[in-house]
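Asker: need a structure here:
(one chain, ligands or ions: 2)
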Amino acid sequence: MKQYLELCNRIIDEGTWIENERTGKRCLTVINADLVYNVEKNEFPLITTRKSFWKAAIAEMLGYIRGFDNAADFRKLGAKTWDANANENLAWLNNPHRKGEDDMGRVYGVQGRAWSKPDGGSIDQLKKIVDNLKKGVDDRGEILSFYNPGEFHMGCLRPCMHTHNFSLLGDTLYLNSFQRSCDVPLGLNFNQVQVFTLLVLIAQITGKKPGQAYHKIVNAHIYEDQLDLMRDVQLKREPFGPASLSINPDIKSLEDLETWVTMDDFEVSNYQHHDAIKYPFSV
Ligand SMILES: Nc1nc(=O)c2c([nH]1)NC[C@@H]1CN(c3ccc(C(=O)N[C@@H](CCC(=O)O)C(=O)O)cc3)CN21
Ligand SMILES: O=c1ccn([C@H]2C[C@H](O)[C@@H](COP(=O)(O)O)O2)c(=O)[nH]1
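Answerer: Ligands and ions are numbered 1, 2, ... in the order given. Below is the predicted model:
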């Protein structure tokens, strides 16, 4: 929580106003933030200075793991987060690659599970990582990358958290996650939960112990219409102590994650938080 608050304060104290063409809004912006989550000690990085909808964040990550390309599938799992990008952005609505209502195109999980090969067929990056880690193998290239510039024109948004790099030291699993662009009031609240949960899940299904997760953010911003709420409401509140996450121990394989897992398989304890804050969302 402390590192989140420090980043928010840093943006407010040192940020530069940048005009963003895609959304037509100005963003108060800093470059480079490094967050670390202690997954080993189960210090779940939930924001406490407002209510966090952590189940939607995990649902979104599970949708990426399943390779979803449709906002309706995310909704069924419990995340409405892709509705706007799939159905309200004019550039995407006019894109000939859009397959209709709720289609997100070739984004995130599609790249993670079915990266198209130029010579035909596709690559399942996540399955390769899980298979290797289960055997105790880290080939120093255990990388799940959603960033495929050759297919940006076929998706509604370029991935923000674009790369997850796993590493094995003995039987401890580490994760470095890279994010190019971060909406700190809304997105980061979700992304922290996702990095943490991804490491816990992959450690659990490969029989490893989770260590630390390292989260690198490049462009960290607050949109102009979010600033007052962040500065005058959220940052005035006193944070509470960390919560912890528990996951159904029956989840044992990638196939389990792909087939029967729901949000009922995740529980949070000791989550003390202030009231919800409704931040504006920019499409
Ligand atoms: N401008 C922008 N910011 C983002 O954070 C973002 C995007 N676009 N586009 C793609 C995804 C979608 N994400 C989202 C979308 C919506 C919420 C959101 O509205 N969260 C609310 C309520 C969540 C709920 O009720 O389930 C929140 O208070 O956290 C969060 C992350 C993160 N990403
Ligand atoms: O997981 C996510 C997904 C998206 N975001 C934010 C970051 C930006 O505010 C927008 C994406 O806009 P770009 O113009 O493509 O950078 O969505 C996030 O914080 N986390």
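
Asker: I'd assumed residue 103 was in contact with residue 70.
Answerer: Yes: contact criterion C-beta atoms under 8 Å: residue 70 and residue 103 qualify, at 6.0 Å. (Glycine included, C-beta is placed from N, CA and C.)

Asker: for the residue of the chain found nearest ligand 1, what are its contacts?
Answerer: Going by C-beta to the nearest ligand atom, ligand 1 is nearest to residue 187 of the chain, at 2.6 Å. If a contact means C-beta atoms under 8 Å, 6 or more residues apart in numbering, then residue 187 has residue 160 as its contacts.

Asker: kindly state the pLDDT recorded for the nearest residue to residue 235 once chain neighbours are set aside?
Answerer: Spatially, and ignoring its direct neighbours in sequence, residue 235 is nearest to residue 8 (6.0 Å; C-beta to C-beta, 6 or more residues apart in numbering). pLDDT recorded at residue 8 is 98.

Asker: name the helix or strand for residue 8, please.
Answerer: Assigned by DSSP states H and E, residue 8 falls within helix 2-14.

Asker: near ligand 1, which residues of the stretch 151-283 of the chain show up?
Answerer: Applying C-beta under 6 Å from any ligand atom, we find that the stretch 151-283 of the chain lies next to ligand 1 at 157, 183, 186, 187, 189, 190, 281, 282.

Asker: how about the first one, secondary structure?
Answerer: Going back to what we said before, that points to residue 157. Secondary structure for residue 157, judged by DSSP: H, G, I helix; E, B strand; the rest coil, is coil.

Asker: and the helices in the protein?
Answerer: 2-14, 54-65, 71-77, 83-87, 90-93, 108-113, 125-134, 187-206, 227-232, 254-259 (DSSP state H).

Asker: got these as CSV, with distance to residue 220 columns?
Answerer: Formatted as CSV, those follow (distance: least, C-beta to C-beta, whole Å):
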stretch, distance to residue 220
helix 2-14, 6
helix 54-65, 18
helix 71-77, 24
helix 83-87, 20
helix 90-93, 24
helix 108-113, 20
helix 125-134, 26
helix 187-206, 8
helix 227-232, 12
helix 254-259, 29
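
Asker: and for stretch 193-206, what's in contact with it?
Answerer: 37, 39, 44-46, 52, 54, 57-58, 60-61, 65, 129-130, 133-134, 161, 164, 166, 173-175, 177, 208-211, 213, 215, 245, 247, 249, 251-254, 256-257, 266.

Asker: at 6 Å what do you get?
Answerer: Contact with stretch 193-206 is made by 37, 39, 45, 54, 57-58, 61, 130, 133-134, 173, 175, 177, 210, 213, 215, 253, as judged by C-beta atoms under 6 Å, 6 or more residues apart in numbering.
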